[in-house]
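Trainee: Mind looking at a prediction? Sequence and model below.
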Amino acid sequence: MENVVLTIHLLLALALIGVVLMQRSEGGGLGMGSGGGGAMTGRAAATALGKVTWWLAGAFICTSIALTVIAAQNSSSSSVFDRLGTQAPAAEETGTLPGADSLLPPAEGDEPLVPRAD
């Protein structure tokens, strides 16, 4: 179910981008651009692309909410910190940190990994 909604959500996003890019630039941002009129005149009649944009935006918001609800239902009630302890043994059990022995120089009694040419 989540994959279906996610696929629809991605298709809506691509369609919304395409429809917005096809629209004519009104130039009404903060009253700049197309000289007289613009933001100061009455609202123009909605074009077909404007209506499609609103429908796609509404559907995009609905799929966003649906994905949020699905993700909340699928989430577990445990914390990430609770799951960390089950994957690797704790430092107290092994006596050393995992991988820490390769970072330390060899002790005095240990043989070197590479034989010395004296």
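Mentor: All right, it came through fine. Since the structure is predicted, the reported quantities are computational estimates derived from the model, not experimental observations. Residues are numbered from 1 along each chain as shown.
Trainee: just to confirm, which helix or strand has residue 81 in it?
Mentor: helix 80-84 (DSSP states H and E).
Trainee: now residue 54
Mentor: Using DSSP H and E, the element containing residue 54 is helix 48-74.
Trainee: buried ones in that helix?
Mentor: For helix 48-74, the neighbour count (16 or more other Cβ atoms under 10 Å) marks 52-53, 56, 59-60, 63, 66 as buried. Every C-beta, even on glycine, is put in place using the N, C-alpha and C of the backbone.
Trainee: before we move on, what about stretch 16-25?
Mentor: Those buried within stretch 16-25 under the rule 16+ other Cβ under 10 Å are 16, 19.
Trainee: oh, and call the first residue 348 from now on, that's how I've got it
Mentor: Sure, I'll start counting at 348 from here, so that last one is stretch 363-372.
Trainee: hmm, who's touching it?
Mentor: Residues from elsewhere that reach stretch 363-372 (Cβ atoms under 8 Å, 6 or more residues apart in numbering): 380, 394, 396-397, 399-400, 403-404, 407.
Trainee: Packing partners of the helix holding residue 401?
Mentor: Counting contacts by 3 or more Cβ pairs under 8 Å, 6 or more residues apart in numbering; DSSP states H and E, helix 395-421 packs against helix 349-369.
Trainee: so the helix it packs on versus helix 395-421, what angle?
Mentor: For helix 349-369 against helix 395-421, the angle by axes from the mean of the first three to the mean of the last three Cα atoms, to 10 degrees is 150 degrees.
Trainee: Alpha carbons only: can I get helix 349-369 in PDB?
Mentor: Listed next in PDB are the C-alpha coordinates belonging to helix 349-369 (Å, rounded to 0.1, in the frame of the first residue of the first chain):
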ATOM      1  CA  GLU A 349       2.800   2.400   0.900                       C
ATOM      2  CA  ASN A 350       4.500   1.800  -2.400                       C
ATOM      3  CA  VAL A 351       1.400   2.500  -4.400                       C
ATOM      4  CA  VAL A 352       0.800   5.800  -2.500                       C
ATOM      5  CA  LEU A 353       4.500   6.700  -2.900                       C
ATOM      6  CA  THR A 354       4.400   6.000  -6.700                       C
ATOM      7  CA  ILE A 355       1.200   8.200  -7.000                       C
ATOM      8  CA  HIS A 356       2.900  10.900  -4.900                       C
ATOM      9  CA  LEU A 357       6.000  11.000  -7.200                       C
ATOM     10  CA  LEU A 358       3.900  11.100 -10.300                       C
ATOM     11  CA  LEU A 359       1.800  13.900  -8.900                       C
ATOM     12  CA  ALA A 360       5.000  15.800  -8.000                       C
ATOM     13  CA  LEU A 361       6.300  15.400 -11.600                       C
ATOM     14  CA  ALA A 362       3.000  16.400 -13.100                       C
ATOM     15  CA  LEU A 363       2.800  19.500 -10.800                       C
ATOM     16  CA  ILE A 364       6.200  20.600 -11.800                       C
ATOM     17  CA  GLY A 365       5.300  20.200 -15.500                       C
ATOM     18  CA  VAL A 366       2.000  22.100 -15.200                       C
ATOM     19  CA  VAL A 367       3.600  24.900 -13.200                       C
ATOM     20  CA  LEU A 368       6.400  25.300 -15.800                       C
ATOM     21  CA  MET A 369       3.800  25.400 -18.700                       C
END
